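Chemist: Return a 3D structure for these sequence lines:
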Amino acid sequence: MTLKLGIKQKLALIFFLFFLIFSGTVFVLLTNVQRMVDTTERIVSKNQKVAELTEILQASLVDMDGNSKKLNVLKKKRYLDFFEKSRSTFESALQQAVLLSGPSADSQSSWRQLADSYQQYSGEFTASDGALRWVSNQILAEWLETISTAKKQNQQEIERALRELNEASRISARNGLIGFCVSILVGCIGVWFISRAIFSPLKTLTGRLRGITFDAPQEPIRLKGGDEFNELATAFNEMSHQLHEEETIRTEFIATLSHEIRTPLSSIHESVNMIVEEVLGGINDKQRRFLEIASGEIKRINKLLNYLLNVGVLETDGRKTNALHLDTADVVAGSAELFSAPAEKKKVMIKIGDFRDCPQLFGVREEIQQVFVNIIGNAVKYSPEGGEVILTWERDKERKFLLFHIADTGPGIADDEKMLIFTKYYRTKNVRGHLDGVGLGLSISRRIVTSYGGHIEVANNAGVGCTFSFTLPTHPFSKPNTV
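Modeler: Numbers count the residues shown, from 1 in each chain. Have a look, this model is predicted:
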């Protein structure tokens, strides 16, 4: 059984790991700090005190020896007082040294040995007849040697404690650095893991949202990352399916309605023509003028119905694909020629690049020409008076398609509308209400281009206007793309 964790569970797990490592690092650091504090306290409270006592013991022994000799020679009582004072200082310092010697066997042995030896001779330190009995120079030398030995042992303990302190500091720094690095590593891994768990599904969803279209059903998506993204994927799939179903119903309704309207509209058109041609009798000029207006409007409605029916035919893919190799220059020139009159009226210059060496296109002539007609027509329509429309071409990198560019000097397209202009019935905000159109030309062009495996896009020019770029095949295509 595979355990699947949601975003909340993953965040909680990563936070727990980070907290565990951080707490462990802090605990080790505190332990090492406590160890250093204990070592420092031992050095200050015991070893440093012992070092001071050794100096006092040595000085007291030297004073006692000097005062005893002065007393025996000069016979003055003050030297006896000095002796007793030094003796009291020595005994007090020795007692403290024994108590501070601690558990060290060598230190305990040195101070105990000195204490026992001093105790053995201290009872003989008596003064009579102005003379003082004192230890021999050999005993004094042994005591001083013992003190020196204890002093060295104490110094060794201090050095050992300092080494321990240094080692504890080094270990503390190392463990702290390791803990810090591990924490950073876990944090980075956690950030990468969470980012991947979140942004990878979001990137997939964003790509699908940008590529969503009403023309064809979307493949259901599956997002990895836990229950939250599964719910998001389910909602997206349901939305995509609902949009496609609604668009299918709308397209079928428009196609059916268009077909049903054409029959009575054709009858009306024929009847109007018969009246205009005076088949049913004479008419006056005023009647003729209004009948001609009616005939023109009927033609405009027929044109609109042809657009709508063309969309329906493309979406049902019921058209014949009698694809042939086509003369590219002839297709482009013939498409541009259709707009020579409106371009001349607006003083718009249509410039066609050098198509003499352009390879042949492969496809159904009516469909290929429809793409050029729709885009050139828009370029002429939206270009201002005195503007220009420029047609150029180039090979794509794979050399299986030709890439065409049609640039105009119109108002351009807002960034938030670039993905919408290829949607059926959509018209940009800056042309609604004052330019004719139903918003089907680019949708039809996109459908045709993608059915041949190509792509179409639009980009605003650096100065004014925009450029439509699209690819069409030069060889038979294996399978049309669906969008």
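Chemist: residues contacting the nearest residue in space to Gly176 that is not next to it in sequence?
Modeler: What sits nearest to Gly176 in space, not counting adjacent residues and going by Cβ to Cβ, 6 or more residues apart in numbering, is Leu29, at 5.4 Å. For glycine as for every other residue, the C-beta is placed from the backbone atoms N, C-alpha and C. Counting by Cβ atoms under 8 Å, 6 or more residues apart in numbering, Leu29 makes contact with Ser172, Asn175, Gly176, Gly179.
Chemist: ok, the last one - contacts?
Modeler: Contact criterion Cβ under 8 Å, 6+ apart gives Ile21, Phe22, Gly24, Thr25, Val26, Val28, Leu29 as the residues in contact with Gly179.
Chemist: Now, of these, which are buried?
Modeler: Among the contacts of Gly179, the ones that count as buried by 16 or more other Cβ atoms under 10 Å are Ile21, Phe22, Thr25, Val28, Leu29.
Chemist: Give me the subset of the residues you listed lying in helices.
Modeler: Ile21, Phe22, Thr25, Val28, Leu29 (DSSP state H).
Chemist: now Asp327: how far from Cys358?
Modeler: 9 Å (Cβ to Cβ, to the nearest Å).
Chemist: Compute the distance between Ile456 and Ala93, please.
Modeler: Counting by Cβ to Cβ, the gap from Ile456 to Ala93 is 102 Å.
Chemist: my bad, Ala462
Modeler: For Ala462, the distance to Ala93 - Cβ to Cβ - is 96 Å.
Chemist: Which of these two has more residues huddled nearby?
Modeler: Ala93 (21 against 6; other Cβ atoms under 10 Å).
Chemist: helix, strand or coil for the more buried one?
Modeler: helix (DSSP: H, G, I helix; E, B strand; the rest coil).
Chemist: separation between the residue nearest in space to the middle of the chain and Leu361?
Modeler: Geometric centre of the chain, nearest residue: Ser195, 6.5 Å, by Cα atoms, centre = their mean. For Ser195, the distance to Leu361 (Cβ to Cβ) stands at 46 Å.
Chemist: contacting residues around Ala343?
Modeler: Met349, Ile350, Val380, Val389.
Chemist: what helix or strand does the second one sit in?
Modeler: Right, Ile350. Using DSSP states H and E, Ile350 sits within strand 349-352.
Chemist: so what secondary structure elements neighbour that strand?
Modeler: helix 328-337, helix 340-345, strand 388-395 (3 or more Cβ pairs under 8 Å, 6 or more residues apart in numbering; DSSP states H and E).
Chemist: Buried residues, it. List them.
Modeler: Going by 16+ other Cβ under 10 Å, strand 349-352 has these buried residues: Ile350, Ile352.
Chemist: Identify the neighbouring strands of that strand in the sheet and state each direction.
Modeler: Strand 349-352 has these partner strands in its sheet, going by DSSP bridges: strand 388-395 (parallel).
Chemist: Glu297: neighbouring residues, count only.
Modeler: 11.
Chemist: oh, I was asking about Gly465
Modeler: 22.
Chemist: Distance of it relative to Lys424?
Modeler: The value you get for Gly465 to Lys424, if Cβ to Cβ is used, is 24 Å.
Chemist: what does Ser200 give?
Modeler: Ser200 is 32 Å from Lys424, by Cβ to Cβ.
Chemist: what about the two, which has more around it?
Modeler: When neighbours are counted by other Cβ under 10 Å, Ser200 and Lys424 differ, and Lys424 comes out ahead with 22 against 14.
Chemist: what's the nearest residue to the more buried one if we skip its chain neighbours?
Modeler: Nearest to Lys424 is Ser443, by Cβ to Cβ, 6+ apart, at 4.3 Å.
Chemist: any idea of the pLDDT on that neighbour?
Modeler: At Ser443, the model reports a pLDDT of 83.
Chemist: so it sits in a helix?
Modeler: Yes. Ser443: assigned to a helix according to three-state DSSP.
Chemist: So what's the residue count around it?
Modeler: 24.
Chemist: Sketch out the helices for the stretch 301-450 of the chain, chain order is fine.
Modeler: 328-337, 340-345, 365-382, 441-451 (DSSP state H, counting those that start in this stretch).
Chemist: what's the following helix or strand after the lowest-mean-pLDDT helix or strand in the chain?
Modeler: Of all helical and strand segments in the chain, the minimum by mean pLDDT, DSSP states H and E falls on strand 127-128, at a mean of 68. As assigned by DSSP H and E, the chain's next helix or strand after strand 127-128 is strand 131-132.
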